[in-house]
Every structure is written in structure tokens, then in C-alpha cells.
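Participant: could you look at this predicted model? Sequence included:
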Amino acid sequence: MKKFVTKNLGQTLVLARKFSRILSKGDVVGFQGRLGAGKTTFIKGIAESFAIKPDEVTSSSFVILKEHRGRLPLYHVDLYRLNSRQIPDEVFELISDKKGLVLIEWADKIEIKGACFKIHIELKSLTSRKITISANTAGLMKKLSKLKPIP
């Protein structure tokens, strides 16, 4: 587990870009945090690292799944308006197919089977965030160990 504090939007995006360097096709990342904590902002930073325009990534609370095409397929899943029984089978298929990168907002609503990173974002002030990143397998923990602190 790694913990970071970002003092502004720029630092949050830098951390997201650094985190994206340890990601690869088939990885699943579950995001948790209150409304407005910065989950979508972090996803924008990851997307940008995979040659996806950040302005194409929006908080998709009314759209459950959005696919973005960059250096690899990026699937942005937003479960905000769903409970665990309403999650479409397509989401579980994306996780198991490992055809791209799957980023899930409100991941506490789904049981992710298999390897995944979890990112919890806590709003400390209007601009500051505490970001905790964990992994549930030895392989992902090894990848996570390569993530260095932001300057």
C-alpha cells in the first residue's frame, strides 16, 4: 500500500500519470471516494498517458460504461447510480477478458474477482487530497512498489 498527499489538481494529475506507467493491458483499477473527491480527475490523468484526450473523459454518472481508444482500450465504468445487483454482465466480462484497462468508479459496489489495484481518494481541503493505492496480488504489489513519490 502506498499513501500520497497531493496539494493541488496539478499534483493529482502528475500522480495519476506516474501511476499509469505501471499499468498494462488487462489491469483493473477500482476507485473509491466521496462525490467530488477526484476520481474522474485521476482517471483523466491516466487516460492522457495512454494518448486519450483528457477532455474526452467525463464523470459518466448517467453512462455506466464508456470506451476510449488510445494506445490500448480504456474502459471507464461508473457505478454511482447502481447497486450491486444492477451491475450489467458486460462490466464483469470486461474485467475477465483483459482486453484493455478497466477503471471503475464507485468500486465498493462491485466484487472484483482477480487481480486489481484499489485507489481511495479522500478530500482533505478544497485542493488537497489523500490518495491511498493498494494491490491485492503479489504481482501487482511488485508493480506498485515502482511508483515513486511526487516531488
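Facilitator: It's in.
Participant: stretch 17-27: how far from the chain's middle?
Facilitator: How far stretch 17-27 lies from its chain's middle: 10 Å, per C-alpha atoms, centre = their mean, to the nearest Å.
Participant: for that stretch, measure first residue to last.
Facilitator: Its first and final residues considered, stretch 17-27 spans 15 Å by C-alpha to C-alpha, to the nearest Å.
Participant: ok, and what's touching that stretch?
Facilitator: Here stretch 17-27 makes contact (C-beta atoms under 8 Å, 6 or more residues apart in numbering) with 29, 42, 45-46, 48-50, 72, 98-102, 115-117, 119, 133, 140, 143-144, 146-148, 150. (C-beta placed from N, C-alpha, C; glycine too.)
Participant: are any of those buried, and which?
Facilitator: 29, 42, 45-46, 48-50, 72, 100-102, 115-117, 119, 133, 140, 143-144, 150 (16 or more other C-beta atoms under 10 Å).
Participant: looking at the residues you listed, which are in helices?
Facilitator: Of the buried ones among the contacts of stretch 17-27, the ones assigned to helices by DSSP state H are 42, 45, 46, 48, 49, 140, 143, 144.
Participant: how about those residues in a markdown table, adding pLDDT?
Facilitator: As requested, those are exported to a markdown table (pLDDT from 0 to 100):
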| residue | pLDDT |
| --- | --- |
| 42 | 97 |
| 45 | 96 |
| 46 | 97 |
| 48 | 96 |
| 49 | 96 |
| 140 | 97 |
| 143 | 96 |
| 144 | 97 |
